[in-house]
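Novice: Fold the following for me, if possible:
(3 chains)
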Amino acid sequence: MAEAVQTDLREELLPAREVDLRRSVRVGLLGGLTAVFISAVGMVQSFDEAGLVVGPLSFGDLLLLAVPFVFGVLAGHPPPVLTGFAEPTSGARNVIAGGVAGLLTGVVIGVFVALVDTFDVRDIFTRISPELLDILTYGQTLAVGILIGLVADVILGLAGGASQLLGERWRRPLFWALLVVVMLGVLEALVSQILRGARLDRVQDALYAPTGELRLPSAIAIGLGLFGLGLWLRDQPRAVRQRIGAMEAERRRLVTAGALVALVAVLGILPWVLGPFLTEVLNIAGIFLLMALGLNIVVGLAGLLDLGYVAFFAVGAYTTAVLTSPASQAFSPELSFWVALPLVMLAAVAAGLLVGTPVLRMRGDYLAIVTLGFGEIARILFLSDALKPTFGGAQGILKIPDIAIGPIEFRGPELFFYAILAFALLAGYMVYALQDSRIGRAWMAMREDESVAEAMGVNTVAAKLWAFVIGAMLASFGGALFAVKVGSVFPSSFNVIVSFTVLIIIIIGGMASIPGVIVGALILVALPELLREFQEFRFLLYGALLIVMMLRRPEGLIPSRRRARELHEEEVVQDARLRAQAAEASATASGE
Amino acid sequence: MVALLDITGLGKSFGGVRAIDGLDLHVDKGEIVSVIGPNGAGKTTLFNLITGLIPTDEGKVEFEGVDILGLPPSAILERGIARTFQNVRLFPEMTVRENVMVAQHCRTKAGVLAAIFRTPAFRREEEQIRRKAEDTLGFFGNRLVGYRFDQLAMALSYANRRRLEIARAMASDPKTVLLDEPTAGMNPRETQELTELIGKLRDERGYTILVIEHDMRVVKGVSDRVVALDYGRKIAEGTYDEVAHDERVIEAYLGRKEAAG
Amino acid sequence: MAETVGLKARRAGRLSGVDAFLWLVRVVALVAVAWGSYKSISSGRLTAAQWRGLIVAGVSQGAVYALVALGYTMVYGVLRFINFAHGEVFMAGSMMGFFVADGLSGTAMWTSLPYVALLIALLAAMATSTSISLVLERVAYRPLRGLPRLVPFITAVGASFFLQYTFAGLFGADSKAYPPVEVLKGGFTIVGFRFGRTQTLVIVATIVMMIGLYLFVERTKAGRAIRAVSEDQEMASLMGINVDRSIALVFAVGGAMAGAGGLLYGLTFGQVDFLSGFTVGIKAFTASVLGGIGNPVGAMVGGLVLGLIESLGPSLVLFGLGVPSAHQLQDVVAFLALVMILIFRPTGILGERLAEERA
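Specialist: Numbering: from 1, shown residues only, chains lettered A, B, ... in the order given. Model (predicted):
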């Protein structure tokens, strides 16, 4: 009897859920709309002026062609395998799905092109111009252009779908190789500068044509080389990490120390390698990094969504300006930067308390709006005629002197880099120290469940005020450095965009993850500075990025020092994985 | 013997509803007392009143001879009454270890500046907190130790979450622990384990325990004394056998159907 | 429930320092307002007629806020979520109104049938705003329902910036100047109050739409469904109400009102640009909180009150306190009003009306 029951329990899998071609149609239409959108908004045209690779296709063309490829990848993506279902067969279906998506993208673009050709809408849609039309038709006549586009889109869609056939093993290195090649093309100025600075003119010449575009052979060579490298190195990072994890504490500390020393050495010579322009870019990113670390404490640790962080930035900047500049009107003590700094900190503490106290009892979203209001209030006050005698109104305050230590003046981007670096390291240390401490845990508890935290003895009033005060201080350092760097302060610099940029850095970079914030600052601040064409669409992309991030990672704002995977997995699965890892690690360790 | 927890004439109304009415309850040191009663009898309300989560209308609550009515929940925790929640209220995005570490907040004192400057006192206290957390978690055998320490609380299985809640209550060095339906949702094996654990809590750690339970096997296996509530009033008190066979108690559990029908 | 009550149970001295500070703020604010008002009025800088003019301006401005506030308040009432991008919904309507008005201004209709032209512009504006509001809900908010509130909020912030810069990219970053409407020039006087024709149009249009909304919410089946969903989503769905559709409807109605507000805003101020939604959005939200969030009548009252505060604040209070160029601080007054209300009476003038929060 028992046997009969047993065999009946053998699993019968349901037929697999295959790639859905109807979905591909929808994906394709979405792709077409995206392509139309980026054209109408002006991205295609702006990017067109920049070259990427030597050849008939401009950056604008490549951008346009990337759309069907990307949406082909999306369309060809197999639906997730649920338990009880068979695995879908990958093969022609994925490719066809990609092709269908590509086709529809091409159709939508074609329709758009035809419409644009017939009707002149420049009065309303300012960026839809003859130049755009030219790009969209690849420089050909209308019909030919549309046809070329259609064919190209289908092919790229098919390619996108085909890429789904490659296992994860292949796709990752492919993606990174493509990304690096594109980056090399886009950041030509930066790379050329570095190569020339390192006396590698020959290499520079081999990579880039005189026009600044990548030479096609070099691009292909590098792409393939990186792809191969990526394949070979696939498992190395994990293996290295495991080896390090398996080392005893003593050795591990040596390795970490060694890595840190190397990092410090690199940072030490960095400004001289990069040159003034690029160092300046890093300086700007560095100031934002400093602020992001501060906001990290307020939002990431304590869970207080402060949308008016720019207010503290402004307080720091203006306090510095008033105290150090001879051009400050009502009150001009002309202190040195270092003497003024404690007073700046004091002003920040006051500001932090002023903002923090009213919001102590407010719900999360109300708190966000109120702090946003405070940010605006700060800007308007600094701009106002009422406070003009002290803050200079719309004319601001000029002639802020450089930072000096004894006879050494930190003038020029290279030297200033070290000042910013020092403060950033300080901020980084503070985040690290506070996270792993009683107050850090109290903040996190308060963030997760305020009443239970209160019941456990956490003084939420003090905790919130501390968070605001420390956040304010770090932002004010950023403001002080900003004021000195620019040499003057104008109220127009202190707007909600600054608050928003800092916020998006920590959201995208990962809250409470210091390396994540650094990466975030580099991508979101440094990169746009280098890409002139990118500037005007920066916030549009940031906004889209935020939306996509929230939709794709709805579990929300995760401190990414935890592996995000852990949140998706059940305990049982996690146990199995961790046990396997532990077994591997001890195998590697004993194998040595 | 002076009762550890002495409740007299406790009363609380919500709107027009009398949630607790003239309740007397005395718990001696080292006792395990179970509180039973049909849903809505006021058991969780009783816990909420004792721990200061909601204000009392009338009556007296004395702990170790001192009146604790009107004190905030954190002060009551400091005096030595810890509790778990019926719907587990952990800090989901903090690790298992961190949940237990933060539960010691009221017993520790390192401040922000000490944290920033990493004073020796700070480091010593952190080490203590950490060790204590790991010790406390060790009370549950292998279930919450090792790599579990660094798992996020939200990733835990249901039974482990309930255990973590209890670990949190233990971490604050209480004298009394109030367990609100600790075995709800557990399978028979887990329930049995937890029953033994509650005994261990008293025997090894010396806690006085007040348990709200629906599962009579647990009540029978654990209790020195059982108190039965219905409509906010105490209707029976005594050993498990006495209360289980008390007519009024049986009627309270079954009689509701008659009243409704 | 234990949560909110538990927070109230914190009677210990821990908060008394903060409470004392807040009481101080209350007192200072009241004294400042009283003193400033007294000085301003007695200084005689503005004539009685000018004061009355400010009041009318405040009411008219407030009407626009009220229309936009409706969107915030209804969405918050149902979903307990601040639709940060609602300001851009308003801006979109205003922009569309501009394009239509601009397009029609060259035609004969503009001079011969101006009200028809304005109506067409109004409908276009409302249609645009409604569509954008619906798309927002479907694409950005619906997938995130049920998640901790700050997640959709951040999405909304992202959507807000995305829309702003999309409009800047598509239509240019310059201000769009509404074409002048001959028939709206000039005004008339009633009971000593001078009403500009534009202001009258704004106020009348707002009243008409409010009445329409009231009838819709109270008398129609869809409106009743919305009210049910506002009270208790779970219950409503158990009673057969299509919750998704009702929520979409809430966004649609809010969007339509905002679109109308957008057109009226354009007519009042003569211009609009891609950033117009930002400030108006925050102020409209302030208005909805002022009146009592979740409460449509509250949005109207709040809008009115905020309009008056903004209009009279600088001249009435700040001038008397000796603040130079007080009119620059108009927005500061509005934002301070938000802070004050949220500290001292977070439930608003008429009280909140929020959905049941399930533990």
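
Novice: how about low-confidence regions in chain C?
Specialist: C:1-15, C:355-359 (pLDDT under 70).

Novice: now the helices: where do they sit in it?
Specialist: Along chain C, counting by DSSP state H, helices occupy C:2-8, C:16-43, C:48-79, C:86-105, C:109-112, C:114-136, C:150-171, C:197-219, C:221-231, C:233-238, C:243-269, C:276-291, C:296-313, C:330-344.

Novice: Spit out the contact partners of the residue of the stretch 101-250 of chain B found nearest chain A.
Specialist: Closest residue of the stretch 101-250 of chain B to chain A, CB to the nearest CB: B:C106 (3.0 Å). Glycine gets a C-beta too; all of them are placed from N, C-alpha and C. Under the criterion of CB atoms under 8 Å, 6 or more residues apart in numbering or on different chains, the neighbours of B:C106 are A:456-457, B:74, B:77-78, B:172.

Novice: now it, nearest residue through space, not along the chain?
Specialist: A:G457 (3.0 Å; CB to CB, 6 or more residues apart in numbering or on different chains).

Novice: Check A:M511 too.
Specialist: In space, A:M511 is closest to A:G300, 3.3 Å off (CB to CB, 6+ apart).

Novice: Could you grab the helix/strand/coil label for the one you found?
Specialist: What DSSP: H, G, I helix; E, B strand; the rest coil gives for A:G300 is helix.

Novice: Ok, A:E334 next?
Specialist: Classified using three-state DSSP, A:E334 is coil.

Novice: Distance-wise, check the closest residue to it other than its chain neighbours relative to A:G230.
Specialist: Once flanking residues are discounted, A:E334 sits nearest to A:P326: 5.4 Å by CB to CB, 6+ apart. A:P326 sits 56 Å away from A:G230, taking CB to CB, to the nearest Å as the criterion.

Novice: do the same with A:L353
Specialist: For A:L353 relative to A:G230 (CB to CB), the value is 51 Å.

Novice: Settle it for me: which of these two has more neighbours?
Specialist: Between A:L353 and A:G230, counting by other CB atoms under 10 Å in any protein chain shown, A:G230 is the more crowded of the two (18 against 14).

Novice: Doesn't B:L178 belong to a helix?
Specialist: No - counting by three-state DSSP, B:L178 is not part of a helix but strand.

Novice: Kindly state the beta-bridge partners for it.
Specialist: B:L178 has these beta-bridge partners by DSSP bridges: B:R83, B:L210.

Novice: Mind checking what secondary structure the residue in chain A positioned nearest to chain B has?
Specialist: Nearest to chain B in chain A, going by CB to the nearest CB, is A:G457, at a distance of 3.0 Å. Judged by three-state DSSP, the three-state class of A:G457 is coil.

Novice: and it, how many neighbours?
Specialist: When neighbours are counted by other CB under 10 Å, A:G457 comes out with 22.

Novice: Next: C:A228.
Specialist: Neighbours of C:A228 (other CB under 10 Å): 17.

Novice: Check the gap between the residue nearest to it when sequence neighbours are not counted and chain A for me.
Specialist: In this structure, C:A228 finds its nearest non-sequential neighbour in C:A236, 4.2 Å apart by CB to CB, 6+ apart. Relative to chain A, C:A236 is positioned 23 Å away (CB to the nearest CB, to the nearest Å).

Novice: how about C:A236, what does it touch?
Specialist: Going by CB under 8 Å, 6+ apart, the list of residues near C:A236 reads C:225, C:228-229, C:243, C:246.

Novice: Need the contact partners of stretch B:56-65.
Specialist: Against stretch B:56-65 from outside (CB under 8 Å, 6+ apart): B:2-13, B:22-23, B:49-50, B:67-70, B:76, B:79-81, B:175-176.

Novice: Of the residues you listed, which qualify as buried by neighbour count?
Specialist: Buried subset of the contacts of stretch B:56-65 (neighbour count, 16 or more other CB atoms under 10 Å in any protein chain shown): B:3-7, B:10-12, B:23, B:49-50, B:68-69, B:76, B:79-81, B:175-176.

Novice: show me the contacts for residue 229.
Specialist: Just so you know, I chose chain A. A:P173.

Novice: ah, no, chain B please
Specialist: B:23, B:35-37, B:41-43, B:46, B:235.
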